[in-house]
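Engineer: Okay, structure incoming, though there's no sequence with it:
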């Protein structure tokens, strides 16, 4: 019978190869909220771009695919962008005058925002992976 202990549970969670990608995505959410509040742009994606670059760089030497890790981090990090967008929509829309079409359109835009931000972070992870490969090659040549 397997032994159930806290150490076994922690080992099982940390065995997940994409845990770091999820954690980096979660860490980027407060920075996205903070930076988006400070700027005039609706959603400032600088923290998500930095997350993608970092995930790609870190997952270069790992057996897990950096593209998939970037996509996972992107989906998690996109929650910050969705939150900013939802707060902006809530501030501008009136509950009395909204129609079903507006509600459906807003939901569609939220889904598209999540997909676009996840692809953005994945693209940055690909660039981060490339930078890590170039760094490794230049160190091996020297």
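Structural biologist: Alright, I've got the coordinates. Everything numeric in this text was worked out from a predicted model, so none of it was measured. Residues are numbered from 1 along each chain as shown.
Engineer: distance between the helix or strand harbouring residue 55 and the chain's centre?
Structural biologist: According to DSSP states H and E, residue 55 maps onto helix 46-58. Mean C-alpha position of helix 46-58 versus that of the full chain (Cα atoms, centre = their mean, to the nearest Å) differs by 8 Å.
Engineer: which residues are contacting it?
Structural biologist: The contact list for helix 46-58 (Cβ atoms under 8 Å, 6 or more residues apart in numbering) reads 20-21, 24-25, 27-28, 31-32, 35, 66, 69-70, 73-74, 77-78, 80-81, 117, 120-132. Any C-beta I mention is one placed from the backbone N, CA and C, and that applies to glycine too.
Engineer: Now go through those and say which are in helices.
Structural biologist: Using DSSP state H, 20-21, 24-25, 27-28, 31-32, 35, 66, 69-70, 73-74, 77-78, 80-81, 117, 120-132 are the members of the contacts of helix 46-58 that sit in helices.
Engineer: Show the buried residues in those residues.
Structural biologist: The neighbour-count test (16 or more other Cβ atoms under 10 Å) marks 20-21, 24-25, 28, 31-32, 35, 66, 69-70, 73-74, 77-78, 80-81, 117, 120-126, 128-129, 132 as buried among the ones in helices among the contacts of helix 46-58.
Engineer: mind listing what's buried in the helix holding residue 55?
Structural biologist: By neighbour count on 16+ other Cβ under 10 Å, the buried set for helix 46-58 is 47-58.
Engineer: for the protein, what helix or strand is lowest in average pLDDT?
Structural biologist: Every helix and strand in the chain was compared by mean pLDDT, DSSP states H and E; the lowest is helix 6-14, with a mean of 57.
Engineer: I'd like to know which elements the host helix or strand of residue 83 is packed against.
Structural biologist: Remark: residue 83 resides in helix 66-92, with elements defined by DSSP H and E. Counting contacts by 3 or more Cβ pairs under 8 Å, 6 or more residues apart in numbering; DSSP states H and E, helix 66-92 packs against helix 19-38, helix 46-58, helix 100-141.
Engineer: who wins for proximity to residue 87 among these?
Structural biologist: helix 19-38 (8.8 Å; Cβ to Cβ).
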